[in-house]
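J.: Here's my sequence, what's the structure:
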Amino acid sequence: MKTSGGKYIAPQLIETTIGKDHFIEQISIIGDQRKYVAALIVPAFDALEDYARSNNISWTSRADLIQHPEIIQFYHERIEHNQKELAGFEKVKKFKLMAKQFTQEDGEMTPTMKLKREVINEKYHHVIDSMYGE
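T.: Okay, here's the model as predicted:
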């Protein structure tokens, strides 16, 4: 991937670096022809729900949970911690938590469980555009 600033980034490296967190189930890096790197993140909901319960955060659905300001801040801090070894231009500047996993059935993953970036970019373009103020 190449950012609009001309920097080449390796999305798999960033995904592996940030995605090793046990609160992250899936991560898709966005950044091709964009000003900065962003990410779509599917939380590891079992771990996240345990965290929310132990911190007295109430929610009615997963969609509700991932919009809670304390949860968004929690993920922001985890991402910052996990990406400290990355170069500045490789760091995720914005992210969106997703309520639903990327699946092969929905065409978002290959049979070998690799992300289909084009499909994800097209399917979630409105979410991605919102991270870039578009």
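J.: going forward, measure contacts between C-alpha atoms and count neighbours the same way
T.: Noted.
J.: In the chain, where's the longest helix?
T.: Taking DSSP state H as the criterion, the chain has its longest helix at helix 69-82.
J.: Just the CA atoms of that helix, as PDB, please.
T.: Provided in PDB are the C-alpha atoms of helix 69-82 (Å, rounded to 0.1, in the frame of the first residue of the first chain):
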ATOM      1  CA  PRO A  69     -16.700   6.100  25.000                       C
ATOM      2  CA  GLU A  70     -14.800   4.100  27.700                       C
ATOM      3  CA  ILE A  71     -14.500   1.200  25.300                       C
ATOM      4  CA  ILE A  72     -13.300   3.400  22.400                       C
ATOM      5  CA  GLN A  73     -10.700   5.000  24.800                       C
ATOM      6  CA  PHE A  74      -9.700   1.500  26.000                       C
ATOM      7  CA  TYR A  75      -9.000   0.400  22.400                       C
ATOM      8  CA  HIS A  76      -7.200   3.700  21.600                       C
ATOM      9  CA  GLU A  77      -4.800   3.100  24.500                       C
ATOM     10  CA  ARG A  78      -4.200  -0.600  23.500                       C
ATOM     11  CA  ILE A  79      -3.500   0.400  19.900                       C
ATOM     12  CA  GLU A  80      -1.100   3.100  21.000                       C
ATOM     13  CA  HIS A  81       0.700   0.700  23.200                       C
ATOM     14  CA  ASN A  82       1.000  -2.100  20.600                       C
END
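J.: who does the next helix or strand after that helix pair up with?
T.: Beyond helix 69-82 on the C-terminal side, the first helix or strand identified by DSSP states H and E is strand 92-97. Sheet pairing of strand 92-97 (DSSP bridges) gives strand 37-43 (parallel).
J.: before we move on, back to that, for the longest helix of the chain, list every residue counted as buried.
T.: 71-72, 75, 79, 82 (16 or more other Cα atoms under 10 Å).
J.: No further questions, thank you.
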